[in-house]
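Visitor: attaching a predicted model along with its sequence, questions to come.
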Amino acid sequence: MSRRRSNGWRQAAKSAAYDYPALRRELDALQAGGGVTMDGMPGSREARRSTEDAALRELDWQQQRRLDAVEHAIRISSQLTSGPSRVKLIELVYLLPKDRQYKLEGAAMQIPVSVQMAKIWNNDFLLLVWGQLRGK
């Protein structure tokens, strides 16, 4: 009887990577919100700190943790010897809009790199994301 391997960590890391563009847009929208009030009342004459207020707006902690994990993994990947190619692979597979994303094999052809090397780089990236998600 064979034992099934659990790939729950891989799915969690992939999910965070696929969600990264939406999380980044959401955070940028939260922080870009101006000092506009929606209550219809005229503005007061007291000094406003709209820049500080915008900087304090952030995602909930779980979403922020996922966003940070992917950004950290991309940053580490870019510092490696094959960094530019690794980052290009990550962009093609995970960060492009859904209708323009590549499968791993197609992204490998675009770089160009072997499919086996693309699988290794992808696994390294997902392990980095998972390590950050776990807090290690």
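Guide: In hand now; what should we look at? Numbers count the residues shown, from 1 in each chain.
Visitor: grab the most central residue of this structure for me.
Guide: Tyr20 (3.1 Å; CA atoms, centre = their mean).
Visitor: number of nearby residues for the closest residue to that residue other than its chain neighbours?
Guide: Residue nearest to Tyr20 in three dimensions, not counting chain neighbours: Val70, with 4.4 Å by CB to CB, 6 or more residues apart in numbering. For every residue, glycine as well, the C-beta is placed using N, CA and C. For Val70, the neighbour count with other CB atoms under 10 Å is 26.
Visitor: thinking Val70 is in contact with Ala22, fair?
Guide: No: the criterion here is CB atoms under 8 Å, and Val70 misses it with Ala22 at 11.4 Å.
Visitor: tell me which element the residue nearest to Tyr20 is part of?
Guide: Assigned by DSSP states H and E, Val70 falls within helix 61-79.
Visitor: what of Val113?
Guide: Per DSSP H and E, there is no helix or strand for Val113.
Visitor: contacts only, for it.
Guide: Ser85, Leu89, Trp121 (CB atoms under 8 Å, 6 or more residues apart in numbering).
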